[in-house]
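J.: could you look at this predicted model? Sequence included:
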Amino acid sequence: MTDYNTYGTSTHTASELVCLVTGHLDVVFTERESDYRGVYHLAQGTYGRIEIQPNAIPGDDRQDDLYTPEHSSVRVLLLTDTPAPEPTLHTRLGAIQGLVHLSRESW
């Protein structure tokens, strides 16, 4: 079973969140660029896959679309993908001021 979690913040920029998460989890992010998602940051390690990206992503009509339209007030997203539920990861991310857990799915 894979566990997916979405966190969000309107307090921090993507770059600020990368620095905060790096300090809390001791992971290294690399910057990536995608036609679909724009610029995002990726870390893979002990906790699985962690991605940080803006909620606003490039749209086909040259206007930004929201990656999570149900959370329109959130500017930056943090997405986790772990092989199983990871309570330590959730606790450490919960310690970051201004970062809110938005949703969880398991498949």
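T.: Great, that's in hand.
J.: shaky segments in this protein?
T.: Along the chain, segments meeting pLDDT under 70 are nowhere present.
J.: can I get the longest helix anywhere in the chain in CSV, CA atoms only?
T.: The longest helix of the chain (DSSP state H) is helix 14-25. C-alpha atoms of helix 14-25 as CSV (Å, rounded to 0.1, in the frame of the first residue of the first chain):
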residue,chain,number,x,y,z
ALA,A,14,8.5,27.2,-2.2
SER,A,15,12.2,28.1,-1.6
GLU,A,16,11.6,28.9,2.1
LEU,A,17,9.7,25.6,2.6
VAL,A,18,12.6,23.7,0.9
CYS,A,19,15.0,25.2,3.5
LEU,A,20,12.6,24.4,6.4
VAL,A,21,12.0,20.8,5.4
THR,A,22,15.7,20.3,4.7
GLY,A,23,16.4,21.3,8.3
HIS,A,24,13.6,19.2,9.8
LEU,A,25,14.2,16.0,7.8
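J.: all the strands of the protein, in order from the start?
T.: Ranges of strands in the chain, per DSSP state E, are 3-9, 30-34, 38-45, 48-54, 56-57, 65-66, 76-82, 100-106.
J.: how much space between the residue nearest the centre of the chain and residue 62?
T.: Residue closest to the average C-alpha location in the chain (C-alpha atoms, centre = their mean): residue 78, at 1.2 Å. Here residue 78 is placed at a distance of 27 Å from residue 62 (C-beta to C-beta, to the nearest Å). For every residue, glycine as well, the C-beta is placed using N, CA and C.
J.: and what of residue 33?
T.: Taking C-beta to C-beta as the measure, residue 33 falls 17 Å from residue 62.
J.: same question, residue 80
T.: From residue 80 across to residue 62, the span is 31 Å (C-beta to C-beta).
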